[in-house]
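**Student:** Turn this into a structure:
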Amino acid sequence: MDTAAVDKVNLILLLLAFAVAYLIPFELLLISYAFLGPLHYLTEISWLHDRKYFTTGSRDPIYLTVLSFVMLFFGAAVFPNAAEFVWILLLFAFCTAFIKSFRNRLIILLIGLLLLIPFFGSTTSYVMAVMVPTVIHVYLFTLLFMIFGSLKSKSKLGLYNAALFFVGGIILLLLPQSNVQFLGEYVAEHYIFFESISVAIGTYIGQSSVVVISTIASFLAFTYTYHYLNWFSKTSIIEWHRVSKLRMSAIGSLYICSVGLYLYDYTLGFIVLLSLSFLHVVLEFPLNFKSIAGIYTAAKKS
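**Tutor:** Next up, the predicted model:
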């Protein structure tokens, strides 16, 4: 499909994701995360790999991978809530995207840490650290990705879609809902995996009632679902599918195993796939920074 056709498909997907997220937010979030999430992680990491992860150094992806696993498994031993590790990862990812000199990277890291240290351990630091690899990744970074792509292709509909995505998320946070009382036992039991995100958003907006938790679930269901759908709908443009048969077979096999884990035991699937989910977020950081720079450059030219 060409860009115009892809943008039309995305408009339909946006409206569909919005409607379903409002009607059955908890169910949609669990389904999207289990069935669309793993395929997105695998295909995006493969796509990033072919583009050298948009970093300036050949070993940078290894460093980012190691740091992401250190945070997941040992972060709490270094920092009380491991939140500070997210800021370190962001600072380092910024360096990998634009700075090649080791000395300059070190200077930027030191200056960044000195500026951030006063906020370490604060509620704001923790809330924002929880939101960076979750809400900010699927909402703001997706928005930037859409804007950058639309500016490059000079697509007005693409920009309208980006605006609709942004406004749609806000509307779902404002619309009152109370369907949490209709949750089935299975859904209620497994939504707990997204509780930290809900609490973080609730803390940020100063609300934590049952109705607010339900609206947050709608927001999360919409942003996560469309984040995945946007990626797959742009296959002909991004061309993540242009890989060897061997790699595609490996991706397919890993995806089947991932979904199988979720079907067998959602808790087990969530725990096993958490590392892959977080890794794909971290490996995307350099691209996120370059997208911001690209938007600035494109806007400056127009």
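
**Student:** can you list the weak-confidence ranges in the protein?
**Tutor:** 74-83, 121, 123-124, 177-184, 196, 198-212, 302 (pLDDT under 70).

**Student:** which residue of it sits farthest from its center?
**Tutor:** Note on the chain: the largest C-alpha distance from the chain mean falls to residue 103, namely 30.5 Å (C-alpha atoms, centre = their mean).

**Student:** Return the distance of it relative to residue 110.
**Tutor:** 11 Å (C-beta to C-beta, to the nearest Å). Just so you know, the C-beta spots here come from the backbone N, C-alpha and C atoms, and that holds for glycine as well.

**Student:** what's the answer for residue 166, then?
**Tutor:** Distance, residue 166 to residue 110, by C-beta to C-beta: 35 Å.

**Student:** in which helix or strand would I find the residue nearest to residue 243 when sequence neighbours are not counted?
**Tutor:** Leaving aside its sequence neighbours, residue 243 sits nearest to residue 46 (C-beta to C-beta, 6 or more residues apart in numbering; 6.0 Å). Per DSSP states H and E: residue 46 is located in helix 37-50.

**Student:** Tell me which other helices or strands that helix touches.
**Tutor:** Applying 3 or more C-beta pairs under 8 Å, 6 or more residues apart in numbering; DSSP states H and E, one finds that helix 37-50 contacts helix 210-233, helix 245-264, helix 266-301.

**Student:** Show me which residues of the helix or strand just after it are buried.
**Tutor:** Sequence order places helix 60-78 as the next helix or strand after helix 37-50, per DSSP H and E. Neighbour counts over helix 60-78 (16 or more other C-beta atoms under 10 Å) mark 60, 61, 64, 67, 68, 70, 71, 72, 75 as buried.

**Student:** For helix 60-78, name the packing helices and strands.
**Tutor:** helix 83-98, helix 266-301.

**Student:** Need the contact partners of stretch 262-276.
**Tutor:** Residues outside stretch 262-276 that contact it (C-beta atoms under 8 Å, 6 or more residues apart in numbering) are 30, 33-35, 37-38, 41-42, 45, 69, 72, 186, 190, 193, 258-259, 261.

**Student:** Helix 210-233 and whichever strand or helix holds residue 20, what's the angle between them?
**Tutor:** Using DSSP H and E, residue 20 maps to helix 3-23. Per axes from the mean of the first three to the mean of the last three C-alpha atoms, to 10 degrees, the angle that helix 3-23 makes with helix 210-233 is 160 degrees.

**Student:** Alpha carbons of helix 3-23, as CSV, please.
**Tutor:** Coordinates of each C-alpha in helix 3-23 appear next as CSV, following Å, rounded to 0.1, in the frame of the first residue of the first chain:
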residue,chain,number,x,y,z
THR,A,3,1.2,6.2,2.2
ALA,A,4,-2.3,7.6,1.4
ALA,A,5,-3.9,4.1,1.7
VAL,A,6,-2.0,3.4,4.9
ASP,A,7,-3.2,6.6,6.5
LYS,A,8,-6.8,5.8,5.6
VAL,A,9,-6.4,2.3,7.2
ASN,A,10,-4.9,4.0,10.3
LEU,A,11,-7.8,6.3,10.6
ILE,A,12,-10.2,3.3,10.7
LEU,A,13,-7.9,1.5,13.2
LEU,A,14,-7.8,4.6,15.4
LEU,A,15,-11.6,4.9,15.6
LEU,A,16,-11.9,1.1,16.1
ALA,A,17,-9.4,1.0,18.9
PHE,A,18,-11.0,4.0,20.6
ALA,A,19,-14.5,2.5,20.5
VAL,A,20,-13.4,-0.9,21.8
ALA,A,21,-11.2,0.6,24.4
TYR,A,22,-14.1,2.5,25.8
LEU,A,23,-16.5,-0.4,25.8
